[in-house]
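**Q** Sharing a model that was predicted from the sequence below.
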Amino acid sequence: MTDKNEARLQQALGHAFADAGLLRQALTHRSYGSPHNERLEFLGDSVLNCAAAHQLYEAFPLIPEGSLSRLRANLVRQETLADIATSLALGEHLRLGEGELKSGGFRRPSILADALESLIGAIFIDAGFEAASAAVRRLLAPHIAAIDPQASGKDAKTSLQEWLQGRREPLPEYRLLATEGQAHDQEFVVECRLKDERHVSQGRGKSRRAAEQEAAQAMLGWLQRA
């Protein structure tokens, strides 16, 4: 990774590494060689869970523990982390072995999610918990902003799914329509479409998942008014 690419990624993370070697290790898949990022991933997973819990605790003082736990599970699951990694163009920075490169490993959700956790672990080692927590706060902010606190701790996609299932209707389809902006400051445009195509909604967000949540919320609002 060039110095320019390193600087762009660090700007997106909001953290300038004192030890650039930690950044490179966090982006190194085991297929590339050692030192790779698996130990940093282990550490980052714990830091992420703690920081996400703290962020939710502050953001939603009236939501009970069980609902907070469900919200945290949604925030730290592979799909969400891979979406965040995609918004950072993390795949462009990964160091992968030849086999993983050929098989499209730079797009694989598991590899992207693991690399993001590794970066959080690397920030923790480089500058401590407060710096890592600040990075997590920045990365999760669009997703937390998309949460409806009136929905019993459920996100918009979950609420829409339950609304449709309760009426024995097919689940909606989500489709990425566009990715706009520079790699370090992208905005995703997503479409939510019902199977019978009676309505289509759109959402925008700094990650694909945040855009899906906005589209789902718009769809749910339309269904409840229809």
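**A** All right, it came through fine.
**Q** quick one: contacts of the helix ranked longest in the chain?
**A** Using DSSP state H, we find that the single longest helix of the chain is helix 38-59. If you take Cβ atoms under 8 Å, 6 or more residues apart in numbering as the criterion, helix 38-59 is touched by 22, 25-26, 30, 63, 68, 71-72, 75-76, 114-122, 124-125, 129, 132-133, 136-137, 140, 144, 147. Where you see a C-beta, it was placed from the backbone N, CA and C, and this is true even at glycine.
**Q** Report the buried members of these.
**A** 22, 25-26, 63, 68, 71-72, 75-76, 114-122, 124-125, 132-133, 136-137, 140, 144, 147 (16 or more other Cβ atoms under 10 Å).
**Q** ok, which stretches of this protein are helices?
**A** In the chain, helices defined by DSSP H lie at 3-13, 20-26, 38-59, 65-76, 78-87, 98-102, 109-127, 129-145, 156-166, 208-225, listed in chain order.
**Q** Just the buried residues of the longest one, please?
**A** Judged by neighbour count (16+ other Cβ under 10 Å), helix 38-59 contains these buried residues: 40-41, 43-45, 47-49, 51-53, 55-56, 59.
**Q** Nearest to Ala18 among these?
**A** Leu40 (15.5 Å; Cβ to Cβ).
**Q** Got the domain ranges for the chain?
**A** Following automatic domain parsing, one gets these domains for the chain: 3-145, 156-225.
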